Each structure stands twice: as C-alpha cells, then as structure tokens.
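In: With the input below, show me the fold.
(one chain, ligands or ions: 2)
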Amino acid sequence: MIDASAPLLSSSAYADAVATAVRAAAAYYTDGATPLGDDEYDALVRAVAAYEDAHPDEVLPDSPSGKVAGGAVVGDVPHSVPMLSLDNVFSAEELDTWAAGLERRLGRPVAAWCVEPKLDGLAVAARYRAGRLQQVLTRGDGLAGEDISHAADAVLGLPAALTEPVDVELRGEVLLTQEQFEAANRLRTEHGAEPFAHPRSGAAGTLRAKDRPYRVELTFFAYGALGLDEDLTHSALLERLAALGANTAASTDAHPLRCATTEEVQRRIEEIVALRAALPFGIDGVVVKADAAADQRDAGSGSRAPRWAVARKLAAEHKVTRLLDVEWNVGRTGIIAPRAVLEPVVIDGVTITYATLHNPADITRRGLMINDQVFVHRAGDVIPRVEAPLTEQRTGDERPIVFPEVCPRCGDAIDTTEQRWRCARGRNCQAVASVIYAAGRDQLDIEGLGGTRAVQLVESGLVADIADLFTLTREQLLGLDRMGDTSTDNLLAAVEEARNRPLGRVFCALGVRGTGRTMSRRIAAHFGSMAAIRAADADTLARVDGIGPEKARLIVSELAELAPLLDRLAAQQVGTAVTEPQAPAAVAADAPEGAPAQAAAGGPLTGEAVVVTGSMTGPLAALSRNEMNELVERAGGKASSSVSKRTTLLVAGEKAGSKRAKAEELGVRVVTPEEFAVLVAEQLPQG
Ligand SMILES: NC(=O)c1ccc[n+]([C@@H]2O[C@H](COP(=O)([O-])OP(=O)(O)OC[C@H]3O[C@@H](n4cnc5c(N)ncnc54)[C@H](O)[C@@H]3O)[C@@H](O)[C@H]2O)c1
Ligand SMILES: [Zn+2]
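Out: Ligands and ions are numbered 1, 2, ... in the order given. Model prediction:
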C-alpha cells in the first residue's frame with residue numbers, strides 16, 4: 001500500500017504518483033476496482049498538486065490536477081454544457097472560507113443556500129425530447145461522455161416518459177443502493193461473475209456493461225437540469241424535477257434543504273452526517289450550493305468545477321486492507337459465526353481489526369480468500385463488514401478460507417442446513433465446552449471427566465455448568481450408561497478432590513474472558529478469596545499486574561454474569577481452601593514499569609521474573625507448563641510466558657528455541673530444568 005499522505009520529494013516520486021493516480025482514476029470511473037480508498041486517492045492528488053505548485057515547470061501532461069475525472073476517462077458524445085466536478089472542502093472552517101470567497105466574488109451576500117447529500121455514484125446526463133427519454137450519457141471527461149442509453153431501462157427513478165412533454169436534459173447521479181448492491185452480487189455469483197467490490201464500482205460497471213445475462217437494477221437521483229426556466233432557484237428546480245417524475249433526494253431522509261445562513265448550512269450538514277449510516281445508499285459528502293439562479297450565473301464556473309457549489313467531503317466509509325484470517329466463534333446459542341481478522345485500517349478515525357462476515361454462504365458469495373485485499377465498510381457505529389475482494393490485486397499468495405468441519409468449541413457436528421451454521425448441540429455446546437475446560441488439568445483437574453463423559457453428563461441433563469458437578473450423587477451417576485460402581489466412585493472422588501483446588505485454578509475454571517492460567521493465578525494471589533475478587537470493582541482489578549482498564553471492566557461484567565454460578569460454587573465450598581492469600585503489598589501490582597515484579601516475599605525466586613520454555617526434564621519432567629508457573633510463584637517469583645527486558649531468569653528445557661536465543665541476546669540468566677529444580681527444591685510438589 002502506498003503512503004499517500006507523504007509529500008513528494010523528487011520528480012520521480014511525482015511521476016510515480018501521477019501514474020498511480022491516473023491508473024486508480026481509470027479503474028474508479030470504469031469498473032471501479034481501484035486499489036485505493038477515496039481518502040488515499042484524494043491525499044495522493046493533493047500531494048501531486050502540492051508538488052506542481054512548487055515545481056510548475058515539471059507538470060506532466062497526464063497529471064490529474066484540474067481535470068474532471070482526473071483526466072482518466074474520455075467520451076465521444078459532446079455534452080451540451082460541460083459536466084463539471086465539484087471543489088472540495090474538508091472542514092467547517094474551510095467551508096466558511098469558501099463561502100466568504102464566493103460572497104467576495106459576487107460582491108454581495110449569497111441570497112440563500114441549498115444543502116443536499118453528495119450521492120456516491122456516477123454522474124449522468126439524460127436527454128428528453130417532448131418528455132420521452134432519448135439518450136443517456138456518462139460524464140466522461142466533462143466535455144464529452146459515453147452513450148449508455150442501453151442501461152436506462154434498469155435505472156429506477158429515471159422514467160422513460162416524464163409527466164409533461166418537455167425538452168429537458170436531466171443531470172444527476174446513478175448509484176446502487178445497499179439493497180441493490182447485495183442483489184447485484186447475489187446475481188453475479190449465481191452467474192459465475194466476480195462480485196462487485198463496492199456499490200460505486202458496481203454502478204460504474206453496470207452502466208457500461210452490455211449483453212449481460214442478468215439485470216442489475218440501479219437508482220437515479222436528479223440534482224440538476226438544462227432547458228427549464230432559467231430563473232428557478234436550485235431548490236425550486238429540484239421540486240420541478242420531482243414533479244416531472246424524476247427521483248430526487250427529496251424522497252430520502254437526507255433531503256435537500258434551503259438555508260438562509262452558513263450557520264444553518266453547518267447544522268444541516270451535521271444532520272446529514274448523522275443520518276449517513278442509516279441511509280439506504282452511500283454518500284461521500286454533502287453538497288452546498290448557492291440557491292439563487294442569479295448567484296449561480298454571476299459566480300460562473302472554472303474549467304473543472306462550478307464556483308457556486310462545493311462538496312463538504314466526509315471521511316470515506318470504505319477502505320482497502322488485507323484479510324489476514326477468518327475466526328470462527330461460537331455464540332451462546334451455538335451459532336458459529338465467521339469473523340474477518342484484518343490488517344488494522346483506520347476508517348473515519350477508528351482503527352478496524354475485525355469485521356463481520358455474516359455466515360459461510362456469504363463468504364462463498366463474496367469469493368473471499370485469506371490474504372486478499374478487501375474493501376471494508378464501516379458506517380457510524382455499525383459493525384464493520386468486509387464488502388468484497390479486489391481480485392485484480394491477487395498475487396498468488398491467497399489461500400482458500402477453510403470452513404470448520406466440526407464445532408470449533410465442542411468438536412461436535414455442525415448443522416449446516418440454515419445459512420447461519422450452528423453447533424449440533426445448540427445451547428448445550430457451551431455447557432459441554434465449559435465443563436471440559438473446567439475439568440482440564442490446569443483448572444480443576446478432574447480425572448475421568450474428559451470429552452465423552454462431559455457430553456454424557458450435559459446431555460443427560462445432570463450438568464449444565466460446573467457447579468452442578470459438585471452436587472452429583474451416586475444414584476444419578478449410576479443411572480447413566482456405562483457408569484458402573486468403580487467409575488462412579490472414581491468420578492465422585494475426583495470431584496471431591498477438585499473442591500479443594502487452589503483459588504487460582506478455580507477462578508481459571510470459570511473461563512472468564514481475558515483471564516488464562518497466569519492471569520487467574522495473579523488475580524487469586526492479589527485478592528486471596530473468591531469473595532474478595534467478586535467484591536472488586538474495575539479500578540481495584542486494574543491494580544493487578546497486567547490488567548488494563550478495559551480488561552478490568554470486562555472481568556467485572558463477566559463476573560456479574562456469573563454471579564448465580566459463583567453463589568452455587570460458594571455454597572459447595574469450592575475454591576475456599578486457599579489458606580495463604582498474599583498481602584496485597586507483596587503482589588506485583590504497584591511495581592513501577594520496568595522493575596521486576598515482586599511476588600510472595602521470602603522465596604528463593606523473590607524479585608525474579610521467570611520464563612519457562614522447552615520440555616522439562618529430571619525432577620520437573622512431569623510438570624505441565626501451568627504447574628511450572630505455579631511453582632515459580634510459590635517460590636516467590638513472577639511467571640511470564642514471553643522473554644522481555646524485564647525477564648531475569650529463563651528455565652530452558654529441551655528444544656528451547658527462540659526464547660532461549662532472545663534471552664541470550666538480552667543477557668538474561670539461563671538455567672536447565674535440573675539446575676532450576678535445585679533452586680526451588682523446597683517448593684517442589686511432594687511425591
Ligand atoms: N479511489 C480511487 O482510486 C479514486 C479515483 C478517482 C476518484 N476518486 C474519488 O472521486 C473523487 C473525484 O471524483 P469526481 O471528479 O467525480 O468528483 P466528486 O465525486 O468529488 O464530485 C463531483 C461529482 O459529485 C457528484 N454529485 C453527487 N451528488 C451531487 C449533488 N447533489 N450535486 C452535484 N453533484 C453531485 C456528481 O457526479 C459530480 O460529478 C475523488 O475525490 C475521490 O474521492 C477515487
Ligand atoms: Zn459445539
């Protein structure tokens with residue numbers, strides 16, 4: 001991706017920028033598969049213009065500056081009156097400056113303004129004779145356009161016959177509404193064609209296409225005309241066009257509004273901006289026009305744009321970025337939803353890293369691949385969505401998106417009969433997955449409660465969450481298939497043992513989002529009891545090392561949701577066996593940045609920040625990574641999973657790879673598992 005915002009420093013950089021802009025504009029006005037977002041294009045053209053200001057003798061003939069459509073398109077049917085572009089302003093201040101400039105030019109105040117949406121489509125001229133549509137033209141280079149009369153049939157709001165037998169040329173925008181865009185892409189994929197990257201490019205492609213085996217419907221909005229009463233104000237002209245049967249923006253919430261002052265103009269702009277996300281079609285700005293015919297006449301036009309109108313541009317809602325991955329998340333009801341992981345991209349001031357992909361059929365319809373450059377759309381507070389891939393930009397590094405074959409959470413089958421896939425277990429999916437997780441070795445470590453048994457307990461209705469495990473009775477278990485006396489007794493004994501697991505493991509077993517094993521241990525060490533954890537507000541939680549304000553809020557809300565479960569666990573005395581809560585002062589929370597964190601004072605690892613890597617050998621061979629970390633913390637150290645400047649000790653087992661290399665590079669002390677076992681001999685688990 002080019003950096004369009006940087007100034008151009010050499011004539012070759014300038015020439016590159018011109019070539020890039022011309023290529024992008026050619027794509028933009030034809031089938032629209034430009035690799036640039038509008039923001040990038042605009043920034044590039046501004047950089048080109050800035051370079052040309054400083055080096056007027058170096059201006060290249062194909063430079064986009066000062067040309068309609070950047071000079072990238074042509075036409076062969078001359079326009080009766082040039083079809084111009086619009087000048088842009090990007091802020092309220094620039095708009096005021098522009099308005100003041102216009103009034104200076106006129107030598108009088110502007111009589112009134114008209115404020116209307118800047119429709120994000122393509123300009124067309126529609127010629128009527130005696131009220132009958134004769135010819136439709138594109139804007140082309142502004143002086144001559146292409147004849148696209150063949151497309152008129154499919155354009156809503158552009159009637160074949162007006163309500164009066166007038167000779168008139170309507171001017172306006174043709175676009176695909178969001179609904180028409182979705183319909184077009186459904187049709188295209190059904191016919192084996194590439195989906196449109198976004199609505200504007202879809203409109204451009206559709207207008208120029210001939211002999212398609214399917215019909216894509218478009219919408220016309222009139223915003224000007226030649227050949228009617230020349231003294232009509234702009235707002236009266238729009239009313240007249242609507243009366244003639246043409247569609248205008250008056251039919252929308254963002255209807256044109258006549259404003260007496262620039263304050264009113266700014267207010268209306270803000271209203272239209274606020275409506276933007278909810279409009280059924282795209283707008284890329286708001287157009288402000290002098291309303292009176294005399295003001296327009298006296299202001300006149302430049303070669304590229306009229307002087308009596310300006311576009312207040314809005315930040316683009318579409319950006320191009322890369323699709324890095326697709327995640328499959330299982331919701332509470334078992335719905336399996338794909339989510340796009342994106343190379344971070346800023347849209348309207350917000351950094352976007354995820355976007356919705358709706359459902360698997362949607363992915364197929366859009367023909368997306370991992371590593372594709374994609375158009376991402378974000379409007380207002382709506383969840384961003386991936387619109388379509390830029391197939392021309394493919395390099396061969398793209399990979400198909402692999403759909404899951406089993407539920408990514410519980411491993412059961414997927415019901416694919418509906419558009420939205422769902423785990424065959426439905427709501428039970430979460431119960432099974434959370435029971436399996438809670439019973440895991442690093443959590444409650446309940447022997448004999450693996451996959452099939454957990455499924456059996458949930459599907460029999462005996463267990464809906466982990467608290468239910470602790471009230472299971474012998475009779476209930478014996479009533480299950482394949483549960484004899486021995487397995488029942490073993491399971492009950494294992495559950496009984498789990499009741500006394502340390503707080504950190506019990507907390508971990510809850511599966512609170514944002515808290516894995518390490519974080520669970522830290523939280524447990526910090527608060528000492530489940531009651532204290534539950535009593536903590538976000539500010540208090542944020543004092544735990546590694547918990548930022550956002551994660552703290554997430555944990556608080558998750559715990560609030562889990563309150564009924566926590567009450568039942570407490571009633572069962574689960575996780576109350578912790579006997580040595582650490583004094584808050586001994587916990588890492590208040591350690592200044594960069595200082596090794598303090599943990600349980602007095603142990604052999606006090607003040608050490610320890611990372612364990614590779615497979616353990618000798619006396620430590622049987623310990624899981626989590627048990628190693630627990631050991632580190634029992635010995636007063638702080639366990640962490642990645643080597644950094646703060647790390648003071650690396651326990652490097654067999655096949656310790658990059659962490660060892662990094663530790664050596666940073667001069668961190670490295671020990672073998674055997675050496676480490678000696679260091680923490682007193683804290684080693686017995687037996
Ligand atoms: N992404 C890219 O690669 C790329 C390439 C070229 C152009 N562009 C985009 O196109 C813009 C320039 O295109 P442009 O010359 O068509 O100018 P423009 O789109 O900025 O403004 C002029 C056009 O606005 C349209 N318009 C919409 N509503 C209107 C209304 N109510 N009244 C009057 N006109 C209205 C008309 O079609 C008119 O021709 C750039 O700013 C850029 O954002 C992008
Ligand atoms: Zn499932």
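
In: Skipping adjacent residues, who's closest to the residue in the stretch 351-500 of the chain that ligand 1 sits nearest to in space?
Out: With Cβ to the nearest ligand atom as the measure, residue 375 is the residue of the stretch 351-500 of the chain nearest to ligand 1, at 10.4 Å. Using the backbone N, CA and C atoms, a C-beta is placed for each residue, glycine as well. With Cβ to Cβ, 6 or more residues apart in numbering as the criterion, residue 375 has its nearest non-adjacent residue at 4.2 Å, and that residue is residue 387.

In: Helix, strand, or coil at the one you found?
Out: Assigned by DSSP: H, G, I helix; E, B strand; the rest coil, the conformation of residue 387 is strand.

In: and the residue of the stretch 351-500 of the chain closest to ligand 1, how far is that from residue 194?
Out: For residue 375, the distance to residue 194 equals 13 Å [Cβ to Cβ, to the nearest Å].

In: who's more crowded, these two?
Out: Higher neighbour count among residue 375 and residue 194: residue 375, with 26 against 18, using other Cβ atoms under 10 Å.

In: per-residue confidence at that one?
Out: In this model, residue 375 is scored at 90, pLDDT.

In: Surely it and residue 388 touch.
Out: Yes: using Cβ atoms under 8 Å, residue 375 makes contact with residue 388 at a distance of 5.7 Å.

In: and the residue nearest to residue 375, how many neighbours does it have?
Out: Residue 387 has 22 neighbours, counted by other Cβ under 10 Å.

In: go on, the one 10 residues further on?
Out: Applying other Cβ under 10 Å, we find 9 other residues in the vicinity of residue 397.

In: quick one, what contacts it?
Out: With contact taken as Cβ atoms under 8 Å, 6 or more residues apart in numbering, residue 397 is in contact with residue 371.

In: and the lengthiest helix in the chain, average pLDDT?
Out: Using DSSP state H, we find that the single longest helix of the chain is helix 11-29. Throughout helix 11-29, pLDDT has a mean value of 90.

In: what comes up buried for it?
Out: 14-15, 17-18, 20-22, 24-29 (16 or more other Cβ atoms under 10 Å).

In: Ok, stretch 47-58 next?
Out: Buried, per 16+ other Cβ under 10 Å, within stretch 47-58: 47-48, 51-52.

In: related to what we said a few turns ago, please verify my assumption that the residue nearest to residue 375 contacts residue 373.
Out: No: counting by Cβ under 8 Å, residue 387 does not reach residue 373; the two are 11.6 Å apart.

In: Can you report how many residues neighbour the closest residue to ligand 2 within the stretch 151-300 of the chain?
Out: Ligand 2 sits closest to residue 189 of the stretch 151-300 of the chain, with a gap of 29.1 Å, by Cβ to the ion. Neighbours of residue 189 under the rule other Cβ under 10 Å: 16.

In: any idea what sits nearest it, other than its immediate chain neighbours?
Out: Of all residues beyond its chain neighbours, the one nearest residue 189 is residue 365 (4.9 Å), with distances taken as Cβ to Cβ, 6+ apart.

In: so after the helix or strand where that neighbour lies, what's the next helix or strand?
Out: Per DSSP states H and E, residue 365 falls inside helix 360-366. Downstream of helix 360-366, the next assigned helix or strand under DSSP H and E is strand 369-370.

In: Show me the shaky parts of the chain.
Out: Scanning the chain for pLDDT under 70 picks out 1-5, 31-32, 381, 577-602, 686-687.

In: Up against ligand 2, what does this protein have?
Out: Residues of the chain lying near ligand 2 by Cβ under 5 Å from the ion: 407, 409-410, 412, 423, 425, 429.

In: hmm, 8 Å instead?
Out: Proximity of the chain to ligand 2 (Cβ under 8 Å from the ion) is limited to residues 330, 334, 336, 407-412, 423-425, 428-430, 432-433.
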